[in-house]
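In: I'll drop the sequence and a predicted model, then ask my questions.
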Amino acid sequence: MELRMAQILPPGYLYGSGFVFSGSFSQLYTAFGRGAPIPFSYTGCGDSCTTTLQGFGFSVNCSTVPVSNDDARAGFRSENVTTIGSAVPVFNVSSSLYGEIECDLGDSCFAKNKAAAELGRIEIANLFKAAPDCESDVSVTSCSLQQAIVEYDVVLQDGIVSLQHAHWQNDTVLYNTPPWDEPESLNYYGITPWWSSSMNWVNFFMLQFNEELDRYGDGELGPASMNPIFRLAQQFINDDAVNSLNSINCNTTFDDPSQYVVDRIREIAFRTSVAAATVTNNTILFGNDSLITSGLPLIRNWTQTVSYTGRSTQTVYSVSTAYLISAVVVSLLGVVAIAPLYWGWWELGRDVSFNPLEVAKAFHAEILIDADWNMSKEGLVKMVGEREVSYRVVDEGVKEEFKDVARKGGEET
């Protein structure tokens, strides 16, 4: 079976306007946020099938270490918290490019940032307070992500593709790849490069997950947060989320969010790999016409011939010969058992029906007691058809004298 899946992503597909996501990636981002199914084109695999696809993804390497409160203050507090000396981070999720430094437009530090972009190593730091006291170290899980070609186990069903496994540890990384950067498409300010495909994923991560919570000393109030909802912190706090987030103290603890955030990065990478392979307009795919010629050779391996395990559901009826013969024998025995009841039917001398009057006569209905034993339905109608009959409902609890009155009220035959 032939399937398409992108492996190295053209930068123009990710960000068509330099500073913002492209229209294609924005739509994909919206579908990701909704958890929408991922449409996928395939044929000939039955009702559903499982297979392995090679696509864009990340190699991941994570490790967890303890960090003292002093080091946490120095390395994980945002700038608007540095004036509060005793503030200690208790939950912090952030991402950056390895080797990247902050600088203004035109500064010489762009050379270092260019090297960081070309390296494309994404660093994710997840700080969380795991111990219910104020003295213990906090924990920091650091994950390093590198763009790579990854084998995904997938399920195809009803025109939808989905990941077979929930976690990134189940994927197979084939090899790391350098970021696909095209400075010419982004050279708005004469900077090479201003934006990189690796930076796209850092921005996505920060947009989705960047949060910081701090524990303050007695009488200190922290600054207003840029993210007052703290959606991620609410997922991983070990207590009633809303109340605890409003009163961080020494007993407040969190679980490690690393598995969750890396799994979400994996999902958006998979979605992007699927969606990019469906684009037929090369200008949309590569960002501008000048990049098409150089970019086409890099997408030739997007069409893959894969083996698969398919499943089809069919309705199949089977007959048990033994049961069938037994049923036929029982049916014939029923005929044999009933046949004697019809013995002597010729003595009636007329056609017999199952008319209700004839049936009533056969069972000796009182109203037909005076009719001839072999009278036809027509004769029975003539005999009793004009007879008036009254019906009464008599309560069992009615006294006997009232029952007598009820009996006299109707004509008896």
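Out: Yep, it's here.

In: when you work out contacts or count neighbours from here on, use the C-alpha atoms and nothing else.
Out: Noted.

In: does residue 7 touch residue 58 like I think?
Out: No. Counting by C-alpha atoms under 8 Å, residue 7 does not reach residue 58; the two are 10.9 Å apart.

In: shared neighbours, these two?
Out: By C-alpha atoms under 8 Å, 6 or more residues apart in numbering, residue 7 and residue 58 have these common neighbours: residue 149.

In: what sits against residue 374?
Out: residue 348.

In: try 10 Å this time
Out: Neighbour list for residue 374: 347-350, 352, 358, 361-362, 380 [criterion: C-alpha atoms under 10 Å, 6 or more residues apart in numbering].

In: now do residue 271
Out: Counted by C-alpha under 10 Å, 6+ apart, residue 271 has contacts 5-6, 25, 28-29, 31-32, 37-39, 55-57, 161-163, 265.

In: of those residues, select the buried ones using a ChimeraX command.
Out: A single ChimeraX command selects the buried members of the contacts of residue 271 (16 or more other C-alpha atoms under 10 Å):
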select :5,6,25,28,29,32,38,39,55,56,57,161,162,163,265
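
In: the chain: helices as residue ranges?
Out: For the chain, applying DSSP state H gives helices covering 11-14, 23-34, 69-76, 110-119, 197-209, 231-236, 241-245, 258-276, 282-286, 292-295, 321-338, 356-362, 377-384, 400-408.

In: residue 366 and residue 384, how far apart?
Out: Distance, residue 366 to residue 384, using C-alpha to C-alpha, to the nearest Å: 11 Å.

In: looking at the two, which is more packed in?
Out: residue 384 (14 against 10; other C-alpha atoms under 10 Å).

In: pLDDT score assigned to the more buried one?
Out: On pLDDT, residue 384 comes in at 79.

In: ok, now the one 10 residues further on?
Out: At residue 394 the predicted local confidence, pLDDT, stands at 64.

In: cool, and residue 361?
Out: On the pLDDT scale, residue 361 gets 79.

In: now do the contacts for residue 245.
Out: 213-214, 228-230, 233-234, 237, 239, 252.

In: okay, these in TSV with distance to residue 295 and neighbour count next?
Out: Listed next are those as TSV, based on distance: C-alpha to C-alpha, whole Å; neighbours: other C-alpha atoms under 10 Å:
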residue	distance to residue 295	neighbour count
213	44	22
214	46	22
228	43	9
229	42	12
230	41	18
233	41	24
234	43	16
237	46	22
239	51	15
252	51	20
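
In: which of those residues sits closest to residue 312?
Out: Of all the contacts of residue 245, residue 234 has the smallest distance to residue 312: 42.9 Å, by C-alpha to C-alpha.

In: any idea how far residue 258 is from the closest one?
Out: Taking C-alpha to C-alpha as the measure, residue 234 and residue 258 are separated by 14 Å.

In: reformat the contacts of residue 245 as CSV; add distance to residue 1 and pLDDT.
Out: Shown next, in CSV, are these (distance: C-alpha to C-alpha, whole Å; pLDDT from 0 to 100):
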residue, distance to residue 1, pLDDT
213, 50, 86
214, 53, 84
228, 49, 59
229, 46, 69
230, 45, 82
233, 44, 89
234, 44, 88
237, 46, 91
239, 50, 77
252, 53, 88
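
In: got TSV for these, with distance to residue 270 too?
Out: Conversion of the contacts of residue 245 to TSV gives the following (distance: C-alpha to C-alpha, whole Å):
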residue	distance to residue 270
213	30
214	34
228	30
229	28
230	26
233	25
234	26
237	28
239	33
252	35
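
In: closest to residue 175 out of the residues you listed?
Out: Closest to residue 175, out of all of those and judged by C-alpha to C-alpha, is residue 233, at 33.5 Å.

In: what residues are up against the closest one?
Out: Contacts of residue 233 by C-alpha under 10 Å, 6+ apart are 90-93, 128, 209, 211-213, 241-242, 245, 254-255, 257.

In: same thing with residue 339?
Out: residue 333.

In: quick check: pLDDT value at it.
Out: So, for residue 339, pLDDT stands at 84.

In: the one 10 residues further on too?
Out: If you check residue 349, the pLDDT there is 71.

In: again, but for residue 309
Out: 90.

In: check residue 267 too.
Out: 96.

In: just checking, it touches residue 168?
Out: Yes. Assessed by C-alpha atoms under 10 Å, residue 267 is found in contact with residue 168 at 8.9 Å.
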